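Peer 1: need a structure here:
(one chain, ligands or ions: 1)
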Amino acid sequence: MTSPRTVYLNGAFLPFAEAHVSIMDRGFLFADGIYEVSAVLDGKLVDNAAHLARLDRSLGEIGIRNPHTLAEWEGLETELVARNALDEGLVYMQVTRGVYERDFGFPPADVPPTVVMFTQGKKVAGNPLAETGAKVVTVEDIRWKRRDIKSVALLAQVLAKQEAVKAGVAEAWMVEDGAVTEGSSSTAFIVTKERVLVTRPLSTALLPGITRAAVLRLAAEADLRVEERLFSVEEARGAAEAFYTSASAFVMPVVAIDDAVIGEGRPGPLARRLRELYIDMARAG
Ligand code: PDD
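Peer 2: The predicted model follows:
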């Protein structure tokens, strides 16, 4: 990046080095906060209204008032993207319950939430991993019971991803009672030998992925058969194809799950097609 990095903190666009948050911030002390990640492609936000709607919902679920209207959020994101001359990458947004002397109960209602935003350059559409396909490992899902909330309490996901890093692969799929819940930072899909697209139904057991919803819409438009149901690690290991979705990976073909090769060890045709359809949709805006 040529221009110095600009971030957003509580009403101000600041040079990165000047943006500081108190050690008493509830996000720091309790992971008491919510976040969102939207992709940027060709300098434009991808499916952003849906991400902002989920941010609003997450905040509501834990009783933090949304400090901005959806239009204000979008204005701030657009401004941040422009100030950082970001063409392709991510916008990260975080809202915590603010700064107050450490105490478990909520601070008084007049304590303002802390709002942090920054951008990250990343090849989301042009990611070379999509050409070869990603490998994943499976790990036990040790998270809490409200995974539908996009909480900044990500320790279980950090530990899961580190298992992937240790194994030299891209992602970890988390497993509960023998069934795949989701990736450490993505939604898991498989394609059966009968060419049925399978992903876990929404519940409190997983995040309602925005990319998941878009891919299900695209699949319906393409007349693909879709089943929202639980699937086991064994079924996934024997699937014709697998892939995962997220704002940062779009649609990422999976070519191995633990020691099982998926399909022919190359990205499968449906995963490739859905990735193309998704990128077309993202570019069309
Ligand atoms: N993660 N499941 C989990 C646990 C996630 O953290 C994410 C996204 C997803 C996919 O959601 P979406 O399609 O709305 O991005 C599913 C983001 C990208 C992150 O933590 O960086």
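
Peer 1: Val175 should be in a helix, yeah?
Peer 2: No: with DSSP: H, G, I helix; E, B strand; the rest coil as the criterion, Val175 is strand rather than part of a helix.

Peer 1: for it, which non-adjacent residue is closest in space?
Peer 2: In space, and not counting its chain neighbours, Val175 is closest to Thr138: 5.2 Å by CB to CB, 6 or more residues apart in numbering. In short, each C-beta sits where N, CA and C put it, glycine included.

Peer 1: contacting residues around the one you found?
Peer 2: 172-175, 180, 233, 257-258 (CB atoms under 8 Å, 6 or more residues apart in numbering).

Peer 1: got it, and Glu163?
Peer 2: So Glu163 contacts 137, 139, 172 (CB under 8 Å, 6+ apart).

Peer 1: so what are the domain limits for this structure?
Peer 2: 6-121, 129-284 (automatic domain parsing).

Peer 1: wait, which of these is closest to the ligand?
Peer 2: Nearest to the ligand among the domains of the chain is domain 129-284; the distance by CB to the nearest ligand atom comes to 3.2 Å.

Peer 1: tell me the SS of the residue nearest to Val175?
Peer 2: With three-state DSSP as the criterion, Thr138 reads strand.

Peer 1: ok, now how distant is it from Arg237?
Peer 2: 9 Å (CB to CB, to the nearest Å).

Peer 1: and what of Lys161?
Peer 2: From Lys161 to Arg237 the distance is 20 Å (CB to CB).

Peer 1: which residues touch the lengthiest helix in the chain?
Peer 2: Under DSSP state H, the helix in the chain containing the largest number of residues is helix 269-284. For helix 269-284, the external contacting residues (CB under 8 Å, 6+ apart) are 39, 41-42, 46-47, 125, 130, 133, 191, 195, 197, 211, 214-215, 218-219, 222, 224, 241-243, 245, 250-254.

Peer 1: okay then, goodbye and thanks.
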